[in-house]
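[1] below are the sequence and a predicted model; questions follow.
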Amino acid sequence: MGINTATHNDMHSPAIGWWSALLPFSIFVASAWLIPTTVSGGRIYLDVDWVPSLGVSLSLAIDGLSLLFVMIISLVGTAVYIFAGDYLGNHPRLRWFYVLLSLFMLSMLGLVLTDNLLALFVFWELTTLTSYLLIGFENESAEARFNARQALLVTGAGGLAMLVGILLLGHIAGSYTISNLIPQADIIRSHPLYVPVLVLILAGALTKSAQFPFHFWLPNAMAAPTPISAFLHSATMVKAGIYLLARLHPVLGGTPFWMQTLVSIGGITALWGAILAIGQKDLKRMLAYTTVMALGIMTMFLGGRSTSTLTAAVTFLMVHALYKSALFMIVGTLDHQTGTRMLTDIGGLRRAMPITAAATAAAALSMAGFPLFFGFVGKEIMYKGALTEAMFPQFATFSALVSNALMTAVAGILFLQVFTGPVRTPFRKPSEAGVAMWIGSLVLGSLGIFFGLCPDWVGRYLIEPAVLAFHPQADDIHLKIFYGFNDPLLLSVITLALGGIGYGTRQWLRNASELIRQNQPVTGSQIYGRFLNLTAALAAVHTRVVQHGSLQRYLSVILFCVVAGVGATMLNTGFGFRVSLNVGEDLAAIEILLGLLILGALIVILFARSSLLAVCALGVIGTGCAMIFLWNGAPDAALTQLLVETLTIIIVANVLLRLPAMTPHLTSPSRLVFNAGIALAAGTMVTLLLLAAVAGPIDRSITEYYERFSVMKAHGRNIVNVILVDFRSFDTVGEIIVVAVAGLASVALIRRRRPCDPSS
């Protein structure tokens, strides 16, 4: 179950983690220097043109909200970078791991710093792609590949829906810059497209943050190595949806639809995640479901509009990032040192792993919301927000209470059941891990204590600027250890009491959770699987109908679509062009003879029973066209046509020598009539278009441009060659590449050809 660490004592592997951690640590230090700017209400803005023709700029903005996310990403990133160097040991792709992790971190930083929705979408998809590669990092495992693909499809589909919502939002407001959308919030919320925009953008945010019913991908993503889970699935990627909801709250939030949707979905997600978490035996999956619960709580409170509610969401975001990333790394340490992370196989590790036990105690107590810990402060403001919110106060309070009580029981399991009691380690004798594996979890767990003792400082310098960044009309925000004897304190006490009871009856709760899980009428994973099966079935039907292998039918469909499309346009415009039918008066005798020759060759092709004869007749048609070009003063076009016809005849003739003789014509009479109709319709359409082109005035502006600049700019007197080589060089290069690739593919297929099996 753990990573192979047979050679993890090599001193070079942990050193990679320490040196790599300089990148996120430098970002953390730089962001800390900006705290005074955001506290004073300042905002750092940088605008760089990206796609000026589309009015898209790469706008970067640092305010309280983005700075908080940058600090969380870089701080947790520093701890994970150090941890991964020792955890992964001498993994053969350790350096590639750090490359992917750095790309992901930079994508997340770009996502939270950009002020342009289109740029945000680009960074959003970059996080999706890099997370796919990280989840499937152990690509030898079929499970890892499946779960990585599942995460990619679910979050990627949500991202595409979000893109449509972003485009509609930009259409309504005339801008994709978030700071420009806020003054138009009332116009956007009253627009007829508001609901479609909100639904599409929520699809992206809710899939990314694993909200019900899209929550199933997150626990399955635990197939990734633990450092990835600690970084992506506790503190960063899954918080991208939360960030988007907070950032767009002043633009889309505050309406009944926004509130009802987020409160109901978030509350259901929190309850469901907590219920499933208590029944897990795999410690990593247990933490995954508690992450689902936490994301549901944040989503639920972002559905509110009061200062207390939004402050609760931001505070709990920070609380969760600290204790959950620490606990993920602790579970990885247990797996690394004991060979298992199954709850039923380990216990009594307090003496063998004292530092890890201390870090676990700090993180678990913050998770449970014990007094003097930052989790207690977050729980107090959470209950205050739930009780003061006008929309669904009873449901929000009930969901928060039950979820937090179950999380308290889980916290007790993580510490008491793992580190107390008799020693149980079936795989290897436990011992304390190296400093690289416990330093991060110990620091993050200790911050939960420090912030709990100094909540006013945290509120003033981190929480308040973040809330004011998307809720400017916020009241004064004060975080305290003790708010007095009130309803939130009573609910906190009830939560701890219920959590204690839950820990005492954990076996009963585990059985009940397993019973609920097994008796679900349908799960998200099952819906996902059925959707994939339906997609595969539809693809098979589509392949049978469209990709049937008949070249004749392919050509018929292409010609039919062209004739139908162009013909419908011609009829719709009422033949808005003049067609001259007097072209015969200007024809010379040689042109009439060439036309009769071409017509005769066409008749030969229709009735030919020899492939070689048909090809030769086709060459006669091409040669006749070349003679017409030559007669009308286009020697270059005539020469090109002759070369193409000559090469075609030579190549096709050589191919035909290796093919069997033409079979008798087996096409049914009805099919012959259909083919003839398509051919006549296509010929008639092209003839009418050519006659219209000849009859109408010719716009010589493009011709004059080429004539004027072919020598001056391209230094060539052959205008045709200049157009192909200089003015349309990229088209020509593209055509050459296509031909070259097709030739290489043909050579590869010919070389791989095997003699036919006589028995087949």
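    Received, thanks.
[2] only C-alpha atoms for contact and neighbour calcs from this point on.
    Noted.
[3] element containing L690, please.
    helix 669-695 (DSSP states H and E).
[4] which helices and strands does the helix or strand that contains I516 pack with?
    Here I516 sits within helix 506-518, counting by DSSP H and E. If contacts are counted by 3 or more Cα pairs under 8 Å, 6 or more residues apart in numbering; DSSP states H and E, helix 506-518 sits against helix 256-277.
[5] returning to what we had before: and the helix holding L690, how far out from the chain's middle?
    With Cα atoms, centre = their mean, to the nearest Å as the basis, helix 669-695 stands 46 Å off its chain's centre.
[6] run through who's touching the helix holding I516.
    275-276, 278-280, 409, 502 (Cα atoms under 8 Å, 6 or more residues apart in numbering).
[7] okay, the residues you listed in CSV with pLDDT next?
    Output for the contacts of helix 506-518, formatted as CSV (pLDDT from 0 to 100):
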residue, pLDDT
I275, 93
L276, 92
I278, 92
G279, 89
Q280, 90
A409, 94
G502, 90
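[8] what is the nearest of those residues to L68?
    Using Cα to Cα, A409 is the member of the contacts of helix 506-518 that sits closest to L68, with 29.4 Å.
[9] after the strand or helix carrying the closest one, which helix or strand is next?
    Secondary structure assigned from DSSP H and E places A409 in helix 393-412. Next in sequence after helix 393-412, counting helices and strands by DSSP H and E, comes helix 418-419.
[10] F730: neighbour count?
    12 (other Cα atoms under 10 Å).
[11] any idea of the pLDDT on it?
    pLDDT for F730: 78.
[12] try P52
    On the pLDDT scale, P52 gets 74.
[13] same question, L666
    Looking at L666, its pLDDT is 55.
[14] tell me the spacing between G529 and A148.
    Going from G529 to A148 by Cα to Cα, to the nearest Å gives 14 Å.
[15] just the strands in the chain please.
    Along the chain, counting by DSSP state E, strands occupy 44-51, 56-62.
[16] which among those is found nearest to F607?
    The nearest among those, by Cα to Cα, is strand 44-51 at 57.0 Å.
[17] residue ranges with poor pLDDT in the stretch 551-700 of the chain?
    Residue ranges of the stretch 551-700 of the chain with pLDDT under 70: 573-587, 659-667, 696.
[18] could you pull out the helices in it for me?
    Applying DSSP state H, counting those that start in this stretch to the stretch 551-700 of the chain gives helices spanning 551-572, 589-607, 611-631, 635-657, 669-695.
[19] just the ones you listed: most buried one?
    helix 611-631 (a mean of 19; mean count of other Cα atoms under 10 Å).
[20] starting at the chain centroid, how far to it?
    Distance, centroid of helix 611-631 to centroid of chain: 53 Å (Cα atoms, centre = their mean).
[21] what helices or strands is that helix leaning on?
    So helix 611-631, by 3+ Cα pairs under 8 Å, 6+ apart, packs with helix 589-607, helix 635-657.
[22] residue contacts, R428?
    So R428 contacts 337-339 (Cα under 8 Å, 6+ apart).
[23] how about R43?
    Counted by Cα under 8 Å, 6+ apart, R43 has contacts 37, 61-63.
[24] which one of those residues is nearest S611?
    Out of the contacts of R43, the member with the shortest distance to S611 (by Cα to Cα) is A61, at 68.8 Å.
[25] for that closest one, give the beta-bridge partners.
    Counting by DSSP bridges, A61 forms beta bridges with Y45.
[26] measure it to L406 for me?
    Applying Cα to Cα to A61 and L406 gives a distance of 39 Å.
[27] re the thing from before, a markdown table for the helices of the stretch 551-700 of the chain, including distance to A436?
    Below are the helices of the stretch 551-700 of the chain laid out as a markdown table (distance: least, Cα to Cα, whole Å):
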| stretch | distance to A436 |
| --- | --- |
| helix 551-572 | 63 |
| helix 589-607 | 79 |
| helix 611-631 | 75 |
| helix 635-657 | 67 |
| helix 669-695 | 73 |
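[28] isn't G165 right up against L200?
    Yes. If you go by Cα atoms under 8 Å, G165 and L200 touch, sitting 4.9 Å apart.
[29] between A61 and L406, which is the more surrounded one?
    More crowded of A61 and L406, by other Cα under 10 Å: L406, with 31 against 20.
[30] and the more buried one, what pLDDT?
    93.
[31] pull the contacting residues for it.
    For L406, the contact set (Cα under 8 Å, 6+ apart) comprises 274-275, 278, 498-499, 502.
[32] residue ranges with poor pLDDT in this protein?
    Using pLDDT under 70, the chain drops low at 1-14, 53-55, 390-392, 474, 573-587, 659-667, 696, 753-760.
[33] which of G529 and A148 has more neighbours?
    A148 (26 against 13).
[34] let me see the contact set for the more buried one.
    A148 makes contact with 131-133, 135-136, 221 under the criterion Cα under 8 Å, 6+ apart.
[35] what are the structural domain limits within this structure?
    12-530, 553-695, 699-753 (automatic domain parsing).
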